[in-house]
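Colleague: Turn this into a structure:
(2 chains)
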Amino acid sequence: AQSVAQPEDQVNVAEGNPLTVKCTYSVSGNPYLFWYVQYPNRGLQFLLKYITGDNLVKGSYGFEAEFNKSQTSFHLKKPSALVSDSALYFCAVRDPTGAGSYQLTFGKGTKLSVIP
Amino acid sequence: GAGVSQTPSNKVTEKGKYVELRCDPISGHTALYWYRQSLGQGPEFLIYFQGTGAADDSGLPNDRFFAVRPEGSVSTLKIQRTERGDSAVYLCASSLSANTGELFFGEGSRLTVL
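Modeller: Model (predicted):
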């Protein structure tokens, strides 16, 4: 079975500082990894994904994430946080092989607050 | 609009009643998914359609839940004999490619069972 852990319920960061939102995963095969963001009263929005290739992937709004196979991690990062980045962030994993291969398994989410 | 549309946005019903939630995916997206999000949790997979057929319904919690997509576009999630534990936000998503494509989510239907 696949699973995702987001160890921090909340992350606070000052505007202009770098931010990191942590994610670790467990999957039997090679994972497909995703980050989504949820703004209040809005649907989930896709940020970025890792399927294969370069371990560092860049996505929307200046976000990036690094796939680390040995640490089974896929942390979300941004060099300089904006107040408008404040939202709920979800990491998700998919095992593309075997039963349930089109199911995304989401973490519980991390609330990011960027302080002016 | 160009995005995934879900109706109703809010539904309040009484325990034991029947409920239908509708999803209109992005035009041309053949893959459609239903997820359920409870308070303080991430979305949980319910069912995946490729075209008209349910390719994976392993996430449906029990036989009170059923979903259809008769023409390969609009989908309806049906819940019979609702229970208080069914209260959640039901999310619909679609994608152009089920293989590697990212999911585009609607804003959800919030179901409250009294």
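
Colleague: Report the strands that pair with the helix or strand bottoming out on mean pLDDT in chain B, each with its relative direction.
Modeller: Using mean pLDDT, DSSP states H and E, strand B:53-56 stands out as the lowest-scoring helix or strand of chain B, at a mean of 90. Using DSSP bridges, strand B:53-56 pairs in its sheet with strand B:44-50 (antiparallel).

Colleague: what residues does the strand it pairs with touch?
Modeller: Applying C-beta atoms under 8 Å, 6 or more residues apart in numbering or on different chains, the contact partners of strand B:44-50 are A:100, A:102-106, B:30-38, B:54-61, B:65, B:67, B:69, B:75, B:77, B:90, B:98. C-betas here are computed from N, CA, C, even on glycine.

Colleague: Mind giving me the PyMOL select for those residues, buried ones only?
Modeller: Of those, the buried ones can be selected in PyMOL as follows, counting by 16 or more other C-beta atoms under 10 Å in any protein chain shown:
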select buried, (chain A and resi 100+102+103+104+105+106) or (chain B and resi 30+31+32+33+34+35+36+37+54+56+59+60+65+67+69+75+77+90+98)
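
Colleague: And for the residue in chain A positioned nearest to chain B, nearest residue in space, chain neighbours not counted?
Modeller: Taking C-beta to the nearest C-beta as the measure, chain A has residue A:106 as its residue closest to chain B, at 3.2 Å. Of all residues not flanking residue A:106 in the chain, residue B:42 sits nearest, at 3.2 Å (C-beta to C-beta, 6 or more residues apart in numbering or on different chains).

Colleague: how near is residue B:68 to chain A?
Modeller: Residue B:68 sits 18 Å away from chain A, going by C-beta to the nearest C-beta, to the nearest Å.

Colleague: if I pick the nearest residue to that residue once chain neighbours are set aside, what's in contact with it?
Modeller: Spatially, and ignoring its direct neighbours in sequence, residue B:68 is nearest to residue B:76 (5.5 Å; C-beta to C-beta, 6+ apart). Contact analysis of residue B:76 by C-beta under 8 Å, 6+ apart lists B:20, B:21, B:22, B:23, B:67, B:68, B:69.

Colleague: The first one bridge partners, please.
Modeller: Spelled out, that is residue B:20. residue B:78.

Colleague: Okay, and the most centrally placed residue in chain B sits in which element?
Modeller: Nearest to the mean C-alpha position of chain B, by C-alpha atoms, centre = their mean, lies residue B:34 at 3.4 Å. Element membership for residue B:34, per DSSP states H and E: strand B:31-37.

Colleague: Give me the residues contacting that strand.
Modeller: The contact list for strand B:31-37 (C-beta under 8 Å, 6+ apart) reads A:102, A:104, B:23, B:25, B:43-50, B:67, B:69, B:75, B:77, B:88-98, B:101, B:103, B:105, B:108.

Colleague: Parallel or antiparallel, which strands does it pair with?
Modeller: Sheet pairing of strand B:31-37 (DSSP bridges) gives strand B:44-50 (antiparallel), strand B:88-95 (antiparallel).

Colleague: highest average neighbour count across those strands?
Modeller: Ranked by mean neighbour count under mean count of other C-beta atoms under 10 Å in any protein chain shown, the strands paired with strand B:31-37 are led by strand B:88-95, which reaches a mean of 24.
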